[in-house]
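K.L.:
here's my sequence, what's the structure:
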Amino acid sequence: MRHALRLTTAPLVVAVLLAVGLVAAGDPRQTGAAAKSARVVELHIDGEVDPVMAEYVDEGIDQANASGASLILITIDTPGGLDVSMREIIQHIIDSRAPVAVYVAPAGARAASAGFFILLAADVAAMAPGTHTGAASPLLAIGGYPVSVDETMEKKILNDATAYLRSYAGRRGRDVALAETAITDAKAFTEREALDGRLCDLIATSREGLLAQLDGRTIARFDGRTNQLALTDPAMSAVEMSARQRFLARIVQPDMMFILLLVGVLGLYTEFTHPGMVAPGVLGGIALVLALFAMHILPINSTGLLLLALAIGLFVLEVKYTSHGILGAGAVAAMLLGALMLVRSPITGDGVSLGVAVGSTLPFALITLVLMRLVLKSRALLPQTGVDRMVQEVGEVAEPIGGGAATDGTHGMVLVRGELWRAAATTAIAKGARVRIVRVDGLTLYVEPADAALALSTSARSPG
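P.N.:
Residues are numbered from 1 along each chain as shown. Modelled structure (predicted):
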């Protein structure tokens, strides 16, 4: 009976254990879905494509790949930018393990010039209604302005750009011939024209709508592999610029660069004219270095720099010479024009704004004029140490100057600060008269009567 009971209960125990195991494990389909929950990392290209923007996008793509993202979504709105920065971003997009979707949004946004190249490099190119792309002709700029080149150089630049576009756009399934017209003819395309011409893959009204269209879509990667996107209820995470990148991005703005340049010049001038203050020199040096960093990236116009240098020179002349404000007004005008001409991007046309130019120039002019006047005034002050400090002090004649008591012609003795000094004058001065010291030459004081009335009276009593 015992053996029969054991044989009867054994299957029951096994069934219970299996049931408990199934409950603990749950539905294997649900477990697999949870384990493969989609994660989308979002980046933003907003503004010109420069080294700071390239660093942000490159680091964001690297972080997304390291975290196992299912998709990298780059929302773009740019007028273009630097070729070297654009190529860095494209290289990271092509090398990314996770698929990359570039989305021109919101309505009214554009992916022009360098943005067009970036759009066509993506695994998925998408555009929002009311956006456009193209106008990707390369520009050669010197001094902040486009320059014309000879025919050979122009062909070289265009051929290099079109060959670079063909090297990856064809592998993405784009219409290469149509894409080249954006370079050779500077042609631009609306979102509908881009879709019909196979320059973009789809049109989406929102980010959520874009992800919904991509869910289940099979895309071809750059290396030939295919990847089916599973984006049902994805977890979104945005990668923002680091504090350092935000700081550098702010510095390379034309307005901030101009302010840093003025602060740097003013700080160093204050330190040179008032040695020992230390703080203005330190702050001015830091501001000037940051301004030079921004000028290395921004398209600087040499004419604007020359006008700023001219303005500083006119401020100096205004203090030294009486011009009834003409030199000062010229300095202000030169600084305003220099500020407005200092930065001129051939891509966007953006430069120092009028408000910042006026709001920075007028205080700079006022502070500079005040500092210069203080410097010149301090140089005109009498020495406060040594024998030169005696100039303009009043003493009393102890031995007549130019009288019979003088042993060597016009020389006499004066009592100043309780001390007897050898004195000389251009006119005879009697004993007991008060005199004013006009200069000191070695141990001889050159004096004059302390007042005009005394000078007349002493002259009348003097012989000859």
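
K.L.:
could you check the pLDDT of residue 161?
P.N.:
Turning to residue 161, the model gives it a pLDDT of 91.

K.L.:
what of residue 56?
P.N.:
We have a pLDDT of 95 for residue 56.

K.L.:
residues in contact with the nearest residue to residue 130 once chain neighbours are set aside?
P.N.:
Closest residue to residue 130 apart from its sequence neighbours, by C-beta to C-beta, 6 or more residues apart in numbering: residue 107 at 3.6 Å. Using the backbone N, CA and C atoms, a C-beta is placed for each residue, glycine as well. Going by C-beta atoms under 8 Å, 6 or more residues apart in numbering, residue 107 touches 128-131.

K.L.:
10 Å instead, please
P.N.:
Residues near residue 107 by C-beta atoms under 10 Å, 6 or more residues apart in numbering: 128-131, 191, 205.

K.L.:
ok, residue 61 next?
P.N.:
By C-beta under 10 Å, 6+ apart, the neighbours of residue 61 are 41, 43, 69, 72, 74, 89, 91-93, 95-98, 100, 239.

K.L.:
pretty sure it is in a helix, no?
P.N.:
Yes: according to DSSP: H, G, I helix; E, B strand; the rest coil, residue 61 belongs to a helix.

K.L.:
and the closest residue in space to it that isn't next to it in sequence, how far is that from residue 71?
P.N.:
Excluding the flanking residues, the one nearest residue 61 by C-beta to C-beta, 6+ apart is residue 92, at 4.7 Å. As judged by C-beta to C-beta, to the nearest Å, residue 92 and residue 71 stand 15 Å apart.

K.L.:
looking at these two, which one has more neighbours?
P.N.:
Under the neighbour definition other C-beta atoms under 10 Å, residue 92 and residue 71 were set side by side, and residue 71 has more, 24 against 20.

K.L.:
remind me, longest helix of the protein?
P.N.:
helix 354-380 (DSSP state H).

K.L.:
for that helix, the averaged confidence score.
P.N.:
The average pLDDT within helix 354-380 is 77.

K.L.:
count of neighbours near residue 196?
P.N.:
13.

K.L.:
wait, it sits on residue 127?
P.N.:
No: contact criterion C-beta atoms under 10 Å: residue 196 and residue 127 do not qualify, at 11.9 Å.

K.L.:
what sits in contact with each of these two?
P.N.:
Residues touching both residue 196 and residue 127 (C-beta under 10 Å, 6+ apart): 189-190.

K.L.:
you'd agree residue 367 is up against residue 270?
P.N.:
Yes: the criterion here is C-beta under 10 Å, and residue 367 meets it with residue 270 at 8.7 Å.

K.L.:
so those two - more neighbours on which side?
P.N.:
Between residue 367 and residue 270, residue 270 has the larger neighbour count (other C-beta under 10 Å), namely 19 against 14.

K.L.:
and residue 357, what does it touch?
P.N.:
254-255, 258, 335-342, 351.

K.L.:
redo that, cut-off 6 Å
P.N.:
Contact partners of residue 357, counting by C-beta atoms under 6 Å, 6 or more residues apart in numbering, are 336, 339-340.

K.L.:
now do the SS call for the residue nearest to residue 130.
P.N.:
Classification of residue 107 by three-state DSSP places it in coil.

K.L.:
could you do the one 10 residues further on as well?
P.N.:
Counting by three-state DSSP, the backbone at residue 117 sits in helix.

K.L.:
ignoring the adjacent residues along the chain, who's closest to it?
P.N.:
Nearest non-adjacent residue to residue 117, counting by C-beta to C-beta, 6+ apart: residue 86, 5.6 Å away.

K.L.:
next, the contact list for the one you found, please.
P.N.:
49, 114, 117.

K.L.:
now the helix or strand hosting it: buried residues?
P.N.:
Using DSSP states H and E, the element containing residue 86 is helix 83-95. Neighbour-count burial for helix 83-95, counted by 16 or more other C-beta atoms under 10 Å, picks out 83, 85-90, 92-94.

K.L.:
between those residues, which is nearest residue 331?
P.N.:
The nearest member of those to residue 331, counting by C-beta to C-beta, is residue 85 at 37.1 Å.

K.L.:
look up how far residue 78 lies from the closest one.
P.N.:
11 Å.

K.L.:
overlap of the contact sets of these two?
P.N.:
Counting by C-beta under 6 Å, 6+ apart, the residues touching both residue 85 and residue 78 are residue 49.

K.L.:
so what's the residue count around the nearest residue to residue 115 once chain neighbours are set aside?
P.N.:
In space, and not counting its chain neighbours, residue 115 is closest to residue 78: 4.2 Å by C-beta to C-beta, 6+ apart. Using other C-beta under 10 Å, residue 78 has 25 neighbouring residues.

K.L.:
phi, psi for residue 78 please.
P.N.:
The phi/psi pair for residue 78 (degrees, to the nearest 10) reads phi -140, psi 140.

K.L.:
so where's the chain shaky on pLDDT?
P.N.:
Scanning the chain for pLDDT under 70 picks out the ranges 1-36, 139-150, 319, 322-323, 345-350, 375-388, 403-410, 452-464.

K.L.:
break it down into its structural domains.
P.N.:
Split into domains by automatic domain parsing, the chain comes to 36-243, 253-380, 387-461.

K.L.:
where do the helices sit along the stretch 151-300 of the chain?
P.N.:
For the stretch 151-300 of the chain, the helices defined by DSSP state H, counting those that start in this stretch occupy 151-169, 176-184, 191-196, 207-214, 243-251, 254-273, 279-297.

K.L.:
and residue 115, how far is that from residue 400?
P.N.:
Distance of residue 115 to residue 400, computed by C-beta to C-beta: 94 Å.

K.L.:
swap in residue 368?
P.N.:
53 Å.

K.L.:
give me the more crowded residue out of those two.
P.N.:
Of the pair residue 368 and residue 400, residue 368 is the one with more neighbours under other C-beta under 10 Å, namely 24 against 21.

K.L.:
roughly how far apart are the more buried one and residue 286?
P.N.:
Distance from residue 368 to residue 286, counting by C-beta to C-beta: 20 Å.

K.L.:
tally of neighbours for residue 417?
P.N.:
Neighbour count of residue 417, defined by other C-beta under 10 Å: 8.

K.L.:
helices of the stretch 1-150 of the chain, start to end?
P.N.:
2-25, 28-35, 51-66, 83-95, 114-121.

K.L.:
in this structure residue 336 contacts residue 359, no?
P.N.:
No: Residue 336 is beyond contact range of residue 359, at 10.9 Å (criterion: C-beta atoms under 6 Å).

K.L.:
quick one: which of those two has more around it?
P.N.:
Applying other C-beta under 10 Å to residue 336 and residue 359 shows that residue 336 carries more neighbours, namely 20 against 13.

K.L.:
surely residue 298 meets residue 343?
P.N.:
Yes: in this structure, residue 298 is within contact of residue 343 by C-beta under 6 Å, at 5.2 Å.
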